[in-house]
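**Student:** missing the sequence, but the structure's below:
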């Protein structure tokens, strides 16, 4: 559940990623042991081409990298192939010989369970598909602990301004 991100349905994947990164950084600081944040839009070069992983983590106890891809819409079978490609690239370029195989998680707005099962059936790497959803308001218990919609909208506006005119910032 992405209840802590109070943005509208029209949110772009990049805006979702930026809002999630802000929350992940706060969350990981409180979490402490386990997941460590490696990077957002993590750059990999494969065959002289550039690729960017939405989110890359390392799990200390599992001793493996975890790649998370964010998709604004419904799960599509081609996402499984892309994730498999990313897992292989991370395993070959970043993984230490003593690390376990990299794990992938595709986070989508919705998924067709049968389609996801078919898409992942013969992939030998650990990949999961999960859904997320937005809410329009925060639970009362969290309102004081998380930024409000005005703060998030202002942050997203700043990000959009920076993308359109990087010299302003």
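**Tutor:** That came in fine, so what should we check first? Note that this is a predicted model, so its numbers are computed, not measured.
**Student:** just give the closest residue to residue 53, not the sequence neighbours.
**Tutor:** Leaving out its chain neighbours, the residue that sits closest to residue 53 by CB to CB, 6 or more residues apart in numbering is residue 42, at 4.3 Å. The way it works is simple: take the backbone N, C-alpha and C, and place the C-beta from them, glycine included.
**Student:** residue 84 and residue 76: what is the separation?
**Tutor:** Counting by CB to CB, to the nearest Å, the gap between residue 84 and residue 76 amounts to 14 Å.
**Student:** ok, residue 23 next?
**Tutor:** Counting by CB to CB, the gap from residue 23 to residue 76 is 26 Å.
**Student:** quick check: next helix or strand after the helix or strand in which residue 73 is found?
**Tutor:** For residue 73, the host element (DSSP states H and E) is strand 64-74. Going down the chain from strand 64-74, the next helix or strand is helix 78-93, by DSSP H and E.
**Student:** now the angle from that next one to strand 64-74?
**Tutor:** Here the directions of helix 78-93 and strand 64-74 differ by 160 degrees (axes from the mean of the first three to the mean of the last three CA atoms, to 10 degrees).
**Student:** no further queries at this time; thank you.
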